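Enquirer: Build me a model:
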Amino acid sequence: MDDLVERESADVSLQSDYVAEMVHTAVSEARESIQRATETTAKAVEAMEHGLEETLRTFIAWAARHCVDVSDARDAKMTLWFDDTGLESTEKTMAEGLQIWREAGMPEERFRLARVRFSNGSMGQA
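Expert: Now for the predicted structure:
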């Protein structure tokens, strides 16, 4: 190491301009790599947050499209209120809703344990 470094007072420098240039290039590349890694991480977090928001919006849109009112108290069971629909249509709608719910990263068991209420007063479970 003593062959590469010159020391004068408080200054330290490399004896070879070639080695100094190599060190400078390596440090610059490391700095750029760290910057790219930081930017990539920030974009990944942003995409994850946006993706979650997007899938939750999709679930809300599903509920609105099928006249389903979702009541979701955190400590109580979720309730899905269906407007006038036939049983066959309800089964298909529930399967679609469950798929969207899963894609939103929500716990499947919460959806499956939801109470289902219909406008005619009848009840069921998802």
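Enquirer: Helix or strand next in line after the longest helix belonging to the chain, which one?
Expert: Identified as the longest helix of the chain according to DSSP state H is helix 17-65. For helix 17-65, the following helix or strand on the C-terminal side (DSSP states H and E) is strand 68-71.
Enquirer: Please spell out which residues along that next one are buried.
Expert: Val68, Val70 (16 or more other Cβ atoms under 10 Å). Every residue, glycine included, has its C-beta placed from N, CA and C.
Enquirer: Sheet-wise, list the partners of it with their directions.
Expert: Strand 68-71 has the following strand partners under DSSP bridges: strand 79-82 (antiparallel).
Enquirer: Could I have the CA atoms of the partner strand written out in PDB?
Expert: C-alpha atoms of strand 79-82 as PDB (Å, rounded to 0.1, in the frame of the first residue of the first chain):
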ATOM      1  CA  THR A  79     -71.700  -8.200   5.100                       C
ATOM      2  CA  LEU A  80     -72.400  -8.200   1.400                       C
ATOM      3  CA  TRP A  81     -75.800  -6.700   0.600                       C
ATOM      4  CA  PHE A  82     -77.100  -7.900  -2.700                       C
END
